[in-house]
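K.L.:
Build me a model from this:
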Amino acid sequence: MTRMGRNSLYLAAIACSIGLILVAILPWRGFDPSGHWHRIGWVPFLSRPIRAVDVLGNLVLFMPLGASIALHARRVALVRTSAVALTFSFIGEWSQIYSRYRYPSGADVILNVVGAGAAAYGVDQFRRRWTRAGTESAAAASEVGGRGVGVTYKVAATAPFHDRGRAGVD
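P.N.:
Alright, predicted model coming up:
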C-alpha cells in the first residue's frame, strides 16, 4: 500500500473513532437549556459512585482514537493524542451538563485521556519493537557471529511433492 493510501486509511480511522466517541458521549435525549450543574462530579473518582464498568468503558472508548492517531504519526504522538482526546472528552462532558439523564464527571475526562494515551503508547512501543526486530534479523542474516562474514543462501530445486524420492539438487 502506498504511503498516500495508508495516510488516507489512518485519517478515515481517526474520523470513525471521533464519530464513535460523539455518538457514545453526547446526550441524544433529555436536553434542558438551563443545565444541571448539581450533577457534575467535580472531584474525580470521589464525587459519585464509580462503577468498574464505567471506568472500563471510558478507558476503552478512546483507545481507537489514540491508536489511530499514533498510527498516522511518524513519531511519538502522546501529546497530540492527549490534546485531541482532552478536547473531545471535554466537549462531551460539557454537553452532558444540559441533559436530564447524564452525569458529567472529571473522572470521565481523565479516563478518556488515559485510554487514548495508553493506546498511542502501546502502538508506538509495538512499532519500535517491530522495527527493531526487523533491523536485528536483517543484521543477523548478513553477518555471522559479528565477524562481518557475509552469508549467501542457495535455494535447492526439488521435485514435485508426489515424486520426493528423486529430488535433484543443483
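
K.L.:
what packs against the longest helix along the chain?
P.N.:
Counting by DSSP state H, the longest helix found in the chain is helix 106-142. The contact analysis (3 or more CB pairs under 8 Å, 6 or more residues apart in numbering; DSSP states H and E) places helix 106-142 against helix 52-61, helix 63-72, helix 78-96. For glycine as for every other residue, the C-beta is placed from the backbone atoms N, C-alpha and C.

K.L.:
Can you tell me which of these is packed in deepest?
P.N.:
helix 63-72 (a mean of 23; mean count of other CB atoms under 10 Å).

K.L.:
can you tell me the average pLDDT over it?
P.N.:
Mean pLDDT, helix 63-72: 91.

K.L.:
so how far is that helix off the chain centroid?
P.N.:
Offset of helix 63-72 from its chain centre (CA atoms, centre = their mean, to the nearest Å): 4 Å.

K.L.:
With residue 13 as the reference, measure out to the residue nearest the centre of the chain.
P.N.:
By CA atoms, centre = their mean, the chain has its centre lying nearest to residue 67, at 1.7 Å. Separation of residue 67 from residue 13 (CB to CB, to the nearest Å): 8 Å.

K.L.:
Need the helices and strands packed on helix 106-142 in CSV (columns: distance to residue 37).
P.N.:
Formatted as CSV, the helices and strands packed on helix 106-142 follow (distance: least, CB to CB, whole Å):
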stretch, distance to residue 37
helix 52-61, 20
helix 63-72, 28
helix 78-96, 11
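
K.L.:
what's the closest of these to residue 5?
P.N.:
Nearest to residue 5, of all these, is helix 63-72, at 12.8 Å by CB to CB.

K.L.:
Flag the shaky bits of the chain, pLDDT-wise.
P.N.:
Along the chain, segments meeting pLDDT under 70 span 1, 3, 49, 134-170.

K.L.:
hmm, 90 instead?
P.N.:
Residue ranges of the chain with pLDDT under 90: 1-14, 19-52, 54, 71-80, 99-103, 127-170.

K.L.:
Show me what counts as buried in the longest helix of the chain.
P.N.:
For helix 106-142, burial by neighbour count (16 or more other CB atoms under 10 Å) applies to 106-109, 111-121, 123-124, 127.
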